[in-house]
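Trainee: Next input, structure requested:
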Amino acid sequence: MAESDPPSSSGLSQSVRPLSDSQLVVADDDRLTREALEAVLTARGFRVDTVADGQAAVERVAKGSVDLVLLDVLMPRLTGLEACRLIKGMTSHGFLPVVLLTVRTDSASRVEGLRIGADDYVCKPFDQEELIARVESMLRIKRLYDHVADARARLEQLSLFDPLTGLFNYRYLHARLNEEFKRAERYHDPLACMVVDIDNLRSHNEASGRAAGDRVIQKVAEALKKSVREVDVVARFGADEFLVLLPSTHFAGATTVAERLFRELGEQRALEASGQPIGVSVGIALYPSRDVRSKDQLLRAADTAMHHAKRDGAGRLSVYQQQGQLYTPQLGDPGDRPQPSAAAAQRGAPPSHPPERGPE
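Mentor: The predicted structure is shown next:
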């Protein structure tokens, strides 16, 4: 590991630029000083942009891709101290080192600069080796800070999202389900919950290997994302199960989403090798309804409906609120759609082609 590189972490490895490739901004109203600083820093390999005052430095930082700023304390338009305060405010969510350039006797400016957020200072006239040492020290600290921030972001990503599908995971799902159910209760708003289970995933694994099964899971995830609105929540609920929360959605809207899913999956083949179609069983539960008065009951009801659909032949849709009525969506012309079975008709089953969902 190079001396200037941050410590590596398995699973978090990434290409790291050498310190000498860092972008620096130098602000000083004295042209000779600017040129001297630029010459010393570029000789070390740094990329340097020079400006004549604090205002120009702030504007350059606002454009991004800056790793460190060197500010003279006394400059026209905007002093180094004022520029430092603005730059630190602009970069409050990250770490951008600011080094002040001061005269040796200007201790008051150094103290004030450190109080408002400056990270270090270099006295003028500066010693070249000291300047390089302080700049590299600040850049190493920035690299470590960025590395930790990146690791934290990656861990947060893993805590919320399923790595295989990119959908929300089980942990996020329960927090969001609680929020959506409370909102539905408070505003007397309908909430639909849909559990989707992949049919015969084992046969896909056995036919073409585990990687093929993973592709099936990914295809179902993609079809689900295409079938819902932006406000809906799609999460991976288990190894081969998904859960969809549909806020402000009644029965007709929920069944329309299910039909979209069946249509999306019906238009593709899971695997080129086996040519097996992707089948799913879908269970829907709705709030408010007679048997659903809590989020746990809503989740159990949707899961029960899904298992009902699976027991009755898979590739079907079961709606818990309607006492387990089933129908199989067809993708042909409306006249070719099958009518509900006699048993389902006796239970008052929904039509085979439910009305379209409301505005997306």
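Trainee: for the chain, what helix or strand is lowest in average pLDDT?
Mentor: When each helix and strand of the chain is scored by mean pLDDT, DSSP states H and E, helix 342-346 comes last, with a mean of 33.
Trainee: And what about the residue nearest to Ile87 when sequence neighbours are not counted, helix, strand or coil?
Mentor: Nearest in space to Ile87, with sequence neighbours left out and distances taken as C-beta to C-beta, 6 or more residues apart in numbering, is Val61 at 5.3 Å. Backbone N, C-alpha and C define where each C-beta goes, glycine included. Assigned with DSSP: H, G, I helix; E, B strand; the rest coil, Val61 falls in the helix class.
Trainee: Measure how buried Val61 is and give me the count.
Mentor: By the criterion of other C-beta atoms under 10 Å, Val61 has 21 neighbours.
Trainee: Equivalent analysis for Arg47, please.
Mentor: Neighbours of Arg47 (other C-beta under 10 Å): 15.
Trainee: what's the answer for Gly315, then?
Mentor: 20.
Trainee: same check, this time on Pro76
Mentor: Other residues close to Pro76 by other C-beta under 10 Å number 10.
Trainee: Let's verify it: helix, strand, or coil?
Mentor: coil.
Trainee: Next up, the contacts around it.
Mentor: 29, 52-53 (C-beta atoms under 8 Å, 6 or more residues apart in numbering).
Trainee: Kindly indicate the member of these with the most neighbours.
Mentor: Neighbour max across the contacts of Pro76 (other C-beta under 10 Å) = Asp53, 20 neighbours.
Trainee: what does the model give it for pLDDT?
Mentor: pLDDT, Asp53: 94.
Trainee: How about the one 3 residues further on?
Mentor: Turning to Ala56, the model gives it a pLDDT of 96.
Trainee: I figured it hits Asp29, correct?
Mentor: No: in this structure Ala56 lies outside contact range of Asp29 using C-beta atoms under 8 Å: 10.1 Å.
Trainee: picking that back up, for Leu224, state which of the contacts of Pro76 is nearest.
Mentor: Among the contacts of Pro76, Asp53 lies closest to Leu224 (C-beta to C-beta), at 54.8 Å.
Trainee: can you give me the helices for the stretch 251-360 of the chain?
Mentor: In the stretch 251-360 of the chain, the helices defined using DSSP state H, counting those that start in this stretch lie at 251-266, 295-311, 342-346.
Trainee: Between the two ends of stretch 282-302, what distance do you get?
Mentor: Using C-alpha to C-alpha, to the nearest Å, one end of stretch 282-302 lies 8 Å from the other.
Trainee: Relative to Ala151, how far out is the residue nearest to Ile87?
Mentor: Computed with C-beta to C-beta, to the nearest Å, the distance linking Val61 and Ala151 is 25 Å.
Trainee: Strands along the stretch 151-300 of the chain, start to end?
Mentor: With DSSP state E, counting those that start in this stretch, the ranges of strands along the stretch 151-300 of the chain come out as 191-199, 233-236, 241-247, 279-287.
Trainee: so which of those strands gets nearest Glu82?
Mentor: Nearest to Glu82, of those and by C-beta to C-beta, is strand 233-236 at 46.1 Å.
Trainee: before we move on, the earlier item: tell me the pLDDT of the residue nearest to Ile87.
Mentor: Looking at Val61, its pLDDT is 95.
Trainee: Just list the residues touching it, thanks.
Mentor: 25, 69, 87, 90-91, 96.
Trainee: just for this structure, where's the confidence low?
Mentor: 1-17, 104-106, 206-207, 268-276, 321-360 (pLDDT under 70).
Trainee: Tell me which residue is most central in it.
Mentor: By C-alpha atoms, centre = their mean, the chain has its centre lying nearest to Gln157, at 6.5 Å.
Trainee: From Phe95, how far out is that residue?
Mentor: Distance of Gln157 to Phe95, given as C-beta to C-beta: 21 Å.
Trainee: Asp28 now?
Mentor: 23 Å.
Trainee: For the chain, which helix extends over the most residues?
Mentor: Using DSSP state H, we find that the single longest helix of the chain is helix 128-160.
Trainee: Touching the host helix or strand of Thr50 from outside, list them.
Mentor: Using DSSP states H and E, Thr50 falls within strand 47-51. Contact with strand 47-51 is made by 21-28, 34-35, 37-38, 41-42, 57, 60, as judged by C-beta under 8 Å, 6+ apart.
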